[in-house]
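Undergrad: requesting a structural model of the entry that follows:
(chains A and B, ligands or ions: 1)
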Amino acid sequence: MHETDMTKALILTVKGWLAQQPEQATVERVHLTVGDFAGVEPASLQFAFQVQTQGTFLDGAELVIKKTPLIAFCHPCQQEYRPDIGRQYSCACCQSPMDDIRSGRELKIERVEFSQSVAA
Amino acid sequence: MHQTFDAVLEMNLLHANQAGADANRDRLDRWGITCLNIMSSPGSGKTQLLEETLRSLQAELRMAVIEGDMTTQLDAERLRKGGTPVIAINTGRACHLDSKMVAGGLHQFEHEQQPEAFDLMFVENVGNLVCPAEFEVGEHAKVALLSITEGEDKPLKYPLMFREADCLLITKTDLAPYLEVDIDKIVANVRQINSRAAIISVSAKTGEGLEDWYTWIRQTVTACANRSIAQMV
Ligand SMILES: [Zn+2]
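TA: Predicted coordinates:
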């Protein structure tokens, strides 16, 4: 499964970010956004993350996945609609094809929560 | 004492692959090669179509193949027989090619051939309907194959590849009389997801539609060459 590759990319990205921090930091949580129309299974990502972070700098860090729905915009109707994934993608009102996707393709590391020791 | 902080990254997970794909495309542009990424599920008749295409176009275009389909190791030999250079990529158990694998293939190609002498590169992706659609490899256009034996609902069930395709080939149309399948329905389903792709029904066996497919290839190669020239000026 390519979730393994995605997770590798995720770990490398966080590692690169961490290397740029002036102070030593511990990553607590990684926040990910995964669209319903992206070719990725959140459960597989979660599993790959647990396996691949074992014994690394991310061991014990939590992966938080936020899902975003598939939302398209129909230009003839001038309105947003939610396609029925697996069944119908064209606009239910006017049958126009799903041209303009407004949400659902995301595959993004949003933010990282980390802790640092600070002088009291 | 420990304190918790938040850092906004907003980074696409495919960023690294995308950067690699762009680098591959730059390389191909410098060589003057148009690259087509061929995607499909297993058993869609990719290799047979490719074989037929190479045979028909070899008089007018200099072509090469990067073969990434793990199920078709023997097929690489079949393609080579016609004299086309075929670079086989060992994908291991990967479910798709990524830009790094293709970069390795291009490296090998550069060493074994004179890239400037070539016009067209086919990248035969791993047979899989989901994964290849998310990973660009440096192609100028994506071609998706769907065999009529796969049924009318496939584009609705696995929409991503059909969404991303620039050209959709509906293959094995010679089997239509034996199947209860409505090709117009397949086209309509693809159109729900992708209004811009060229859709061509073909049969490598009877030759139906192949001329249209070749015309699409010629147009794509010409458009690519013109774009490269425009960039150089
Ligand atoms: Zn509409």
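Undergrad: show me what from chain B comes close to the ion.
TA: Residues of chain B lying close to the ion by Cβ under 5 Å from the ion: none are found. Just so you know, the C-beta spots here come from the backbone N, C-alpha and C atoms, and that holds for glycine as well.
Undergrad: got the CA positions of the worst-scoring helix or strand of chain B on mean pLDDT in PDB?
TA: Every helix and strand in chain B was compared by mean pLDDT, DSSP states H and E; the lowest is helix B:73-80, with a mean of 76. Output in PDB follows, covering the C-alpha atoms of helix B:73-80 (Å, rounded to 0.1, in the frame of the first residue of the first chain):
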ATOM      1  CA  GLN B  73       8.300  -9.000 -16.800                       C
ATOM      2  CA  LEU B  74       7.900 -11.200 -19.800                       C
ATOM      3  CA  ASP B  75       6.100  -8.500 -21.600                       C
ATOM      4  CA  ALA B  76       9.200  -6.400 -21.600                       C
ATOM      5  CA  GLU B  77      10.800  -9.000 -23.900                       C
ATOM      6  CA  ARG B  78       7.700  -8.800 -26.100                       C
ATOM      7  CA  LEU B  79       8.100  -5.100 -26.500                       C
ATOM      8  CA  ARG B  80      11.800  -5.200 -27.100                       C
END
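Undergrad: mind listing what's buried in it?
TA: Along helix B:73-80, these residues count as buried under the neighbour rule (16 or more other Cβ atoms under 10 Å in any protein chain shown): B:75, B:76, B:79.
Undergrad: repeat that for stretch B:183-202.
TA: Buried, per 16+ other Cβ under 10 Å, within stretch B:183-202: B:186, B:189-194, B:197-202.
Undergrad: chain A: helices as residue ranges?
TA: A:3-19, A:42-53 (DSSP state H).
Undergrad: chain B now?
TA: Using DSSP H, the helices of chain B run over residues B:15-31, B:46-57, B:73-80, B:99-112, B:154-157, B:159-164, B:183-193, B:210-232.
Undergrad: winner for burial among the ones you listed?
TA: Neighbour counts (mean count of other Cβ atoms under 10 Å in any protein chain shown) averaged over each of those peak at helix B:159-164, with a mean of 23.
Undergrad: centre of the chain to that one, how far?
TA: Centroid displacement of helix B:159-164 relative to its chain, using Cα atoms, centre = their mean, to the nearest Å, is 13 Å.
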